[in-house]
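Asks: All I have is the shape, not the residue letters:
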Ligand code: HEC
């Protein structure tokens, strides 16, 4: 009898945990800033340009960035690297990344005063 009650308790607990899981996953979604750290290696920290050959992402119109990612993913825009990288993220990620970069101030690199 005692064992049966314990089983029921565990079953209820498992069911509640399953119900809570999607809410928890949403709550713990990485921020755009965190996802965008995947881009800094090539596009510069905070998406700022670090040389002439790499397009800066800082200050980019968010729709333009999302559309570019979709085009790279769908192979409608050619890319050496981006067409391999874009499929690793969801469209929700593209939007979060885009909002983050749009809020960053672009700066030329090297900064003008050091030239
Ligand atoms: C390994 C280097 C590398 C990484 C990491 C990288 N990119 Fe790129 N990105 C490139 C290159 C190179 C191009 C030029 C297109 C091509 O050849 O793929 C580019 C182009 C772009 C463009 C087009 C810019 C324009 O002006 O039209 C966007 C948008 C972009 N990347 C977004 C991202 C985002 C968002 C991330 C992070 C999820 C990212 N990139 C990570 C190398 C990289």
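Replies: Yep, that arrived. Small disclaimer: the values here were computed from a predicted structure and weren't measured.
Asks: can you map out the strands along the chain?
Replies: Secondary structure of the chain (DSSP state E): no strands present.
Asks: What parts of it come near the ligand?
Replies: 38-39, 41-43, 55, 57, 65, 68-69, 79-82, 85, 89, 97 (C-beta under 6 Å from any ligand atom). C-beta here means a position set from N, CA and C on the backbone, and glycine is covered the same way.
Asks: In PyMOL, select just the buried ones from those.
Replies: Under the burial definition 16 or more other C-beta atoms under 10 Å, those of the residues of the chain next to the ligand that qualify are selected in PyMOL by:
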select buried, resi 39+43+57+65+68+69+82+89+97
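Asks: What segments of this protein are helices?
Replies: 2-27, 32-36, 40-43, 62-73, 82-85, 91-102 (DSSP state H).
Asks: least reliable of those going by mean pLDDT?
Replies: Within those, confidence is poorest for helix 2-27, with a mean of 56 (mean pLDDT).
Asks: Break the chain into its domains for me.
Replies: Domain assignment for the chain by automatic domain parsing gives 1-30, 31-114.
Asks: Hmm, residue 64 and residue 77 touching each other?
Replies: No - with contact defined as C-beta atoms under 8 Å, residue 77 does not reach residue 64; the gap is 11.8 Å.
Asks: Counting neighbours, go ahead and name the busier of those two.
Replies: A direct count of neighbours by other C-beta atoms under 10 Å for residue 77 and residue 64 places residue 77 higher, at 15 against 12.
Asks: do you know how far that one is from residue 103?
Replies: Residue 77 sits 24 Å away from residue 103, going by C-beta to C-beta, to the nearest Å.
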